[in-house]
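S.K.: Attaching a predicted model along with its sequence, questions to come.
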Amino acid sequence: MAVEPFQINVSQTVLDDIQKRLARTRWPDEVEGAGWDYGTNLGYMKELADYWQHKYDWRLQEAELNKFAQFKAEIDGKEFSFIHERGKGPSPIPIILFHGWPDSICRYLKLIPMLTDPAKYGANPNDSFDVVVPSLIGGYSDKLKAPRKQLLKQIAELCWLLMTEGLGYKRFAAGGGDGGSPISQLLGVHHPESIIGLHLTDLGFSITQASFSDLSEAEKQYLAGLQAVGFQEGAYAMLQGTKPQTLAYALNDSPVGYAAWIIEKFHSWSDCDGDLEKIFTKDELLTNIMLYWVNGPSVRAVSYREEWVSPSLKPDQRIDVPVGLALPPKDLGSLIPPREFAERNLKNILRWTVLAHGGHFAAMEYPELMAEDIRAFFRSFRKSI
């Protein structure tokens, strides 16, 4: 397997096209006083689009992204791009971190240096990691255009090959949130001999679909809460899981449309108390959006259909590798699962942390808290590696 250096270099034609499209935006009206209740707020979207058109500097952001050691590899006929930053401590633990939707490698950009060089941030240099972050749903990896059953399982298998054959790691850690949680769990299911441990920020969507007959009252209340959140926040998932092609026409024709679809989730799912820029800068928000847009028109970038039709992870799948959970208090619905529910398939939970702050994108929102928890969880494994 050939692993080659890679750098992002978006053509000027693509950037010029974005400018033209931004200038031609056909704005909708808005229900008076709606705020964010009807979806992405019109006033904020106009403000963000104006910044995008007149102040945002993609070339500057591109140069910042290219400061990370990036590579590409062809695996099983599919091209993957990924960040691979080496740790600066004496014996770094290799860890692969997975993002989901609607984020990208941007989820981990602030966290990566805290894990590779803990001493720089006042932590113990012995807690360093070699960090691998593949670009999956958005970003620059192969779009996997043909319908594929059990898509997340196939992604997990490709990433296992990348870590073991491409990068030469016999054992490694894995982690993530959103879609990154089931991908990590699939590595634990199918390659437990390779996995040091999993660090997750949520249980993943699979277990919540299970029909257990012996639920406790706490578990019933938790699932009822998830159902309520689903009715309020889940329309996007229903569309992306059933008719993603219909959505793709609109998103891939309008940068403002694409941005509005993503921004609403960052507003609703992060620990921002209704103020996006309390947590994220406009540059951070737009760079994440740009990684979807400049990669070209893609249904895959918003499609959940493959997993809805053919799930990769069974709801009651047994996972025996060590697990650390760092649960953000302001994730979707601000619901913390009962530990007994998590242990129905995560059989070896060794660390259970409810973070002081953070939402769905915790590693991007509060990277210091995430770095501290990841270091603490894997510290006990270092002597046995």
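M.R.: Sure thing, it's come through. Numbering: from 1, shown residues only.

S.K.: Tell me how many other residues surround Met163.
M.R.: The tally of other residues near Met163 (other C-beta atoms under 10 Å) stands at 26. Placement of C-beta: from N, CA and C, glycine included.

S.K.: Verify the stated contact: it with Ala173.
M.R.: No - using C-beta atoms under 8 Å as the test, Met163 is too far from Ala173 to be in contact (10.0 Å).

S.K.: Report the set of residues contacting both of those two.
M.R.: Contact criterion C-beta atoms under 8 Å, 6 or more residues apart in numbering; residues shared by Met163 and Ala173: Pro94, Ile96.

S.K.: any idea which strand is longest in the chain?
M.R.: Ordering each strand of the chain by length in residues (DSSP state E) puts strand 78-85 first.

S.K.: what does it contact?
M.R.: Identification of contacts with strand 78-85 by C-beta under 8 Å, 6+ apart yields 6, 68-74, 105, 108, 112-113, 116, 130-135, 139-142, 144, 158-159, 162, 167.

S.K.: Now list the buried members of the residues you listed.
M.R.: The neighbour-count test (16 or more other C-beta atoms under 10 Å) marks 6, 68, 70-73, 105, 108, 112-113, 116, 130-135, 139-142, 144, 158-159, 162, 167 as buried among the contacts of strand 78-85.

S.K.: just checking, which of these belong to strands?
M.R.: Gln70, Phe71, Lys72, Ala73, Asp130, Val131, Val132, Val133, Pro134.

S.K.: export those residues to CSV and tack on distance to Leu239 and pLDDT?
M.R.: CSV is the format used below for those (distance: C-beta to C-beta, whole Å; pLDDT from 0 to 100):
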residue, distance to Leu239, pLDDT
Gln70, 32, 97
Phe71, 34, 96
Lys72, 31, 93
Ala73, 33, 91
Asp130, 38, 98
Val131, 34, 98
Val132, 32, 98
Val133, 28, 98
Pro134, 26, 96
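
S.K.: Show me the two of those residues that sit farthest apart.
M.R.: Maximum pairwise distance among these (C-beta to C-beta): 17.8 Å, between Lys72 and Asp130.

S.K.: List the buried residues in the helix-or-strand element of the chain with minimal mean pLDDT.
M.R.: Sorted by mean pLDDT, DSSP states H and E, the helices and strands of the chain end with helix 305-309, the least confident at a mean of 88. Across helix 305-309, burial judged by 16+ other C-beta under 10 Å covers Arg305, Glu306, Glu307.

S.K.: want to try a markdown table for those residues, with distance to Ile262 as columns?
M.R.: As requested, the buried residues of helix 305-309 are exported to a markdown table (distance: C-beta to C-beta, whole Å):
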| residue | distance to Ile262 |
| --- | --- |
| Arg305 | 19 |
| Glu306 | 20 |
| Glu307 | 19 |
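
S.K.: between the residues you listed, which is nearest Leu226?
M.R.: Using C-beta to C-beta, Glu307 comes nearest to Leu226 of the buried residues of helix 305-309, at 17.3 Å.

S.K.: That's all I had, so thanks and see you.
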